[in-house]
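[1] Structure, please.
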Amino acid sequence: MTDITAPSSRKFKLDPAWLISALIPVLLALFAPEQVWPTISFALSAMGNTAPFILFAIFAVGYLKATNAETLLAKAFEGREARMIMLAALFGGLSPFCSCEVIPFIAAMLAVGAPLSAVMAFWLASPLMDPAMFAITAGTLGVDFALAKGVSAVLIGLMGGFVVKTLAGSFLFADPLKNTPVKSCCSSSCGTSEDVSPLSGQVNWRFWQEADRRDTFRATAWENAIFLGKWLLLAYLLEALMLEYIPAEWVAQVLGGDGIRPILLGAFVGAPAYLNGYAAVPMVEALLAQGMSQGAAMSFVIAGGVSCIPAAVAVWALVKPRVFVAYLGLAVVGAVLAGLGWNMLAPV
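    Next up, the predicted model:
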């Protein structure tokens, strides 16, 4: 049936990110007027400094979407199980497609017998890194941190995949699927062109030769520009407030140091404190400036990325609660290990 609803009849939905960004200067004007311009100036300056990385992220995701490169994901679920796990972790850690965007595909793969181990590898790695995330992280926290996070994403995917493979015969992972998957969307690459079905058609790296692909590129680039713009503006406003009002001594005392305690805290604080993968980057920058340890920063972004609500919903949609709990447990263990590793390797 054709949808004949007029656009004007659709309900207006106010985006909370834009709303909070608008409220921050208003609240500052009421309670701390001297901080209004410094806060806005800080956010705009930070946006300008990261503009080249933002533009790269926008066009990179647009290119990959327009070429239909997401069809390559199917190759991760072909062949021997160990090969599937390795490819799923690699594709999950490098692709621009969030785990919830491909729920229908993952559901179909599981239904026809694709091993849960490969799917778990993909699910753990997918929310942690993509081209846009790498560009924003490198521009804000440094290339070394971005590379370490990307490597950690792949390694955590591999760890989770092989753990599930080893325990595949246990009660924990037996009969893992729910009956009815639901769709969700969690990243800048979701919902760009609803009429363009992911994983359909052929890959064409010269997308500009086809009108439909050019339209997809424009739509994806525009959506990503809005998505990154709203979250990074909010993040930089929050960063300015954190630098001004959160005592550096408190952060250094709680999340500083080289032991395992700040890394554990970073992992367990990461989940509830995580607004969005892109918004978290400037928050971490502010915390590092105030004394947060490198290991705690890494465990924070890893645990928060995997367990944030949109990414977790993607897993909850398809598997039973016991498998979901295992997913979260693997994420926390992986985050702590990544934090310990980065604490030893991070440049001083």
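[2] going forward, measure contacts and count neighbours with C-alpha atoms only.
    Fine.
[3] give me phi/psi at Val319?
    phi -120, psi 160 (degrees, to the nearest 10).
[4] How about the one 10 residues further on?
    Dihedral angles of Gly329 (phi, psi; degrees, to the nearest 10) stand at phi -60, psi -40.
[5] Distance check, it against Ala267.
    Separation of Gly329 from Ala267 (C-alpha to C-alpha, to the nearest Å): 11 Å.
[6] more crowded one of the two?
    Just comparing Gly329 and Ala267: by other C-alpha atoms under 10 Å the higher neighbour count belongs to Ala267, 27 against 15.
[7] The more buried one is in what secondary structure piece?
    Taking DSSP states H and E as the criterion, Ala267 maps to helix 260-273.
[8] elements contacting that helix?
    Counting contacts by 3 or more C-alpha pairs under 8 Å, 6 or more residues apart in numbering; DSSP states H and E, helix 260-273 packs against helix 248-255, helix 294-307, helix 321-345.
[9] Can you add distance to Phe227 and give those back as TSV?
    TSV is the format used below for the helices and strands packed on helix 260-273 (distance: least, C-alpha to C-alpha, whole Å):
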stretch	distance to Phe227
helix 248-255	29
helix 294-307	17
helix 321-345	26
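[10] Format those as a markdown table; extra columns: distance to Ala279 and mean pLDDT.
    Shown next, in a markdown table, are the helices and strands packed on helix 260-273 (distance: least, C-alpha to C-alpha, whole Å; pLDDT from 0 to 100):
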| stretch | distance to Ala279 | mean pLDDT |
| --- | --- | --- |
| helix 248-255 | 19 | 71 |
| helix 294-307 | 11 | 87 |
| helix 321-345 | 19 | 92 |
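[11] Can you say which of the ones you listed is nearest to Phe53?
    Ranking these by proximity to Phe53 (C-alpha to C-alpha) places helix 294-307 first, at 19.0 Å.
[12] Go through that closest one and flag the buried ones.
    294-307 (16 or more other C-alpha atoms under 10 Å).
[13] Tell me how far that helix lies from the chain's centre.
    How far helix 294-307 lies from its chain's middle: 11 Å, per C-alpha atoms, centre = their mean, to the nearest Å.
[14] Out of the helices and strands packed on helix 260-273, flag the one nearest Ile136.
    helix 294-307 (13.2 Å).
[15] can you pull the alpha-carbon coordinates of that closest one into CSV?
    Extracted C-alpha coordinates of helix 294-307, given in CSV (Å, rounded to 0.1, in the frame of the first residue of the first chain):
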residue,chain,number,x,y,z
GLN,A,294,45.5,6.6,29.6
GLY,A,295,44.4,3.1,30.5
ALA,A,296,41.2,4.3,32.2
ALA,A,297,40.5,6.4,29.1
MET,A,298,40.8,3.4,26.8
SER,A,299,38.7,1.1,29.1
PHE,A,300,36.1,3.9,29.2
VAL,A,301,35.7,4.2,25.4
ILE,A,302,35.8,0.5,24.9
ALA,A,303,33.3,-0.5,27.5
GLY,A,304,31.0,2.4,26.8
GLY,A,305,31.1,1.8,23.1
VAL,A,306,30.0,-1.8,23.3
SER,A,307,27.5,-1.4,26.1
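[16] hmm, which helix or strand of this protein has the shakiest average pLDDT?
    helix 103-111 (a mean of 67; mean pLDDT, DSSP states H and E).
[17] name the helices or strands packed onto the next helix or strand after that one?
    Counting by DSSP H and E, the next helix or strand C-terminal to helix 103-111 is helix 116-125. Contact here means 3+ C-alpha pairs under 8 Å, 6+ apart; on that basis helix 116-125 packs against helix 81-94, helix 143-166, helix 321-345.
[18] quick one: low-confidence parts of the stretch 51-200 of the chain?
    70-71, 73, 96-105, 108-109, 111-112, 179-200 (pLDDT under 70).
[19] repeat that for 90
    For the stretch 51-200 of the chain, applying pLDDT under 90 flags the ranges 51-80, 88, 91-115, 119, 122-136, 139-140, 168-200.
[20] Kindly provide the distance from the residue nearest to the spatial centre of the chain to Asn343.
    Closest to where the C-alpha atoms of the chain average out (C-alpha atoms, centre = their mean) is Pro127, at 3.9 Å. Going from Pro127 to Asn343 by C-alpha to C-alpha gives 22 Å.
[21] How about the secondary structure of Leu14?
    Under the three-state scheme (DSSP: H, G, I helix; E, B strand; the rest coil), Leu14 adopts coil.
[22] circling back: quick check: which of the helices and strands packed on helix 116-125 is buried the most?
    Highest mean neighbour count of these: helix 81-94, a mean of 24 (counted as mean count of other C-alpha atoms under 10 Å).
[23] residues in contact with it?
    73, 75-78, 99, 115, 117-119, 121-131, 150, 153-158, 161-162 (C-alpha atoms under 8 Å, 6 or more residues apart in numbering).
[24] Kindly report the same for stretch 324-334.
    Contacts to stretch 324-334, defined as C-alpha under 8 Å, 6+ apart, come from residues 120, 124, 156, 159-160, 172, 267-268, 302-303, 306-307, 315-316.
[25] distance between it and the chain's centre?
    With C-alpha atoms, centre = their mean, you get 16 Å for stretch 324-334.
[26] Cool, thanks, signing off.
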